[in-house]
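Student: coords please:
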Amino acid sequence: MLLAGVLLAGTAVILGAWGAHGLAAVVDNNPAKLDTWDTAVLYQFMHALALLFAGLWSQAQPSPWPLRAGVCMGAGVLLFSGSLYLLVLDGPGWLGPVTPLGGLFMIAGWMCAAVGVITAKGGHG
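Tutor: Purely as a prediction, here's the structure:
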């Protein structure tokens, strides 16, 4: 999970930089596509940090919930941000319905994290 978080964060920086400096020429300076790209980068970066947190949490406390949260969040990033990147670059239209599925995985990840906090040993949830 830690490696996934680090890799997703690093690639978010790379994709964000390319989005800021090179993407406009590829998408004919289309503001909607540039905004969509920025959304994909933002959600990737936020969930990369969450994966790092979940990885550290899983090392500190034996519980299945951080792993479940991390798996859901990782799948969510791949489906949500990945489909948006491809759609901006004129990927196949069937990817459109994949984006909300990725969002659902992200939400499921946060709900798993919530269950982990609530059920944590020590009762400080």
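Student: Touching, residue 120 and residue 60? I think so.
Tutor: No - proximity of residue 120 to residue 60 does not meet the contact threshold set by CB atoms under 8 Å, at 10.3 Å. Quick note: C-beta positions are derived from backbone N, CA and C, even for glycine.
Student: neighbour-wise, which of these two wins?
Tutor: Ranked by neighbour count (other CB atoms under 10 Å), residue 120 and residue 60 place residue 120 first, with 14 against 9.
Student: Let me see the contact set for that one.
Tutor: With contact taken as CB atoms under 8 Å, 6 or more residues apart in numbering, residue 120 is in contact with 61, 63.
Student: can you check residue 79 too?
Tutor: 98, 99, 101, 102, 105.
Student: Least confident secondary structure element in the chain?
Tutor: The weakest-scoring helix or strand in the chain, judged by mean pLDDT, DSSP states H and E, is helix 23-26 (a mean of 94).
Student: buried stuff in it?
Tutor: For helix 23-26, the neighbour count (16 or more other CB atoms under 10 Å) marks residue 23 as buried.
Student: Ok, stretch 29-43 next?
Tutor: In stretch 29-43, the ones that count as buried by 16+ other CB under 10 Å are 33, 34, 36, 37, 38, 40, 41, 43.
Student: Which elements pack onto the one helix or strand residue 32 maps to?
Tutor: Using DSSP states H and E, residue 32 sits within helix 31-60. Applying 3 or more CB pairs under 8 Å, 6 or more residues apart in numbering; DSSP states H and E, one finds that helix 31-60 contacts helix 2-21, helix 23-26, helix 64-88, helix 98-118.
Student: Buried deepest among the ones you listed, which one?
Tutor: Using mean count of other CB atoms under 10 Å, the stretch among these with the greatest mean number of neighbours is helix 64-88 (a mean of 21).
Student: residue contacts, the residue nearest the centre of the chain?
Tutor: The C-alpha lying nearest the average C-alpha coordinate of the chain belongs to residue 77 (CA atoms, centre = their mean; 3.1 Å). Shown in contact with residue 77 (CB under 8 Å, 6+ apart): 8, 43, 44, 47, 48, 102, 106.
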